[in-house]
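# Sequence and predicted model, in that order:
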Amino acid sequence: MAATRAKTKRAAQGFTWEGVEVLAYKAEGAAPFKDVTRQVLFEDPHLAAQWRYFEVAPGGHTTLERHQHVHAVMVIRGRGACLVGDEVYTIEPHDLISVPPLTWHQFRATEREPLGFLCLVNAERDRPELPGPQDLQALRQNPRVAAFIRV
Ligand code: MN
């Protein structure tokens, strides 16, 4: 029986990999975000997961959202901050961030450098929910959160 052929993808310049396309984070206009790219590093029918690399350009941010599925994140480039629930954390390379189910989250790069992070998710997952006016009002009860979020 033939062994399964190993596939390797060499790192290219910067935080890119040969054979891995640099994709739009989301369809333009689908949700509010600023200057984010997405690369799918591992996607295999034998895995129930997808492993992605996201990069947020200086001053950029991901979408403020929540969903039932969870994220397991490791920062590998630059610095920034993230909201998880009602806490804002500064983040730097090798930090690990767990985003639990139905928890508001958003990532922002600093103004000076891109923020790059690996993100593990379920291959099959629910669609993200965006905050409505009442959600935003609740989030903004916390001044630190109010100052952080971008919508
Ligand atoms: Mn998410």
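Nice, thanks for sending it over.

# Report the backbone C-alpha coordinates of the lengthiest strand in the chain in CSV.
Taking DSSP state E as the criterion, the chain has its longest strand at strand 49-61. Extracted C-alpha coordinates of strand 49-61, given in CSV (Å, rounded to 0.1, in the frame of the first residue of the first chain):
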residue,chain,number,x,y,z
ALA,A,49,-10.0,21.7,12.1
GLN,A,50,-8.6,24.6,10.1
TRP,A,51,-5.3,26.3,11.0
ARG,A,52,-5.1,29.8,9.7
TYR,A,53,-2.7,32.7,9.9
PHE,A,54,-4.1,36.2,10.1
GLU,A,55,-2.2,39.4,9.7
VAL,A,56,-3.5,42.8,10.8
ALA,A,57,-1.7,45.7,9.2
PRO,A,58,-0.6,48.6,11.5
GLY,A,59,-3.6,50.4,12.8
GLY,A,60,-5.9,47.7,11.5
HIS,A,61,-8.5,45.5,13.3
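
# Give the buried residues for it.
50-56, 60-61 (16 or more other Cβ atoms under 10 Å). Any C-beta I mention is one placed from the backbone N, CA and C, and that applies to glycine too.

# again with stretch 121-134
In stretch 121-134, counting by 16+ other Cβ under 10 Å, buried: 121, 128, 131.

# Helices of this protein, residue ranges please.
Ranges of helices in the chain, per DSSP state H, are 133-139, 143-148.

# Mind checking these for the one nearest to residue 35?
Closest to residue 35 of those, according to Cβ to Cβ: helix 143-148, at 16.9 Å.

# sorry, back to before: now the longest strand of the chain: mean pLDDT?
Per-residue pLDDT values over strand 49-61 give a mean of 97.

# who's in contact with it?
With contacts defined as Cβ atoms under 8 Å, 6 or more residues apart in numbering, strand 49-61 is touched by 15, 25, 33-43, 62, 76-77, 80, 106-123, 150.

# Could you do stretch 105-116 as well?
Residues contacting stretch 105-116 (Cβ under 8 Å, 6+ apart): 15, 53-66, 71, 75-85, 91, 99, 117, 148-150.

# Sort out which of those are buried, if you could.
Neighbour counting by 16+ other Cβ under 10 Å classes 15, 53-56, 60-66, 71, 75, 77-84, 91, 99, 117, 148-149 among the contacts of stretch 105-116 as buried.

# Among those residues, which lie within strands?
Mapping these onto strands (DSSP E) picks out 53-56, 60-61, 71, 75, 77, 80-84, 91, 99, 117.
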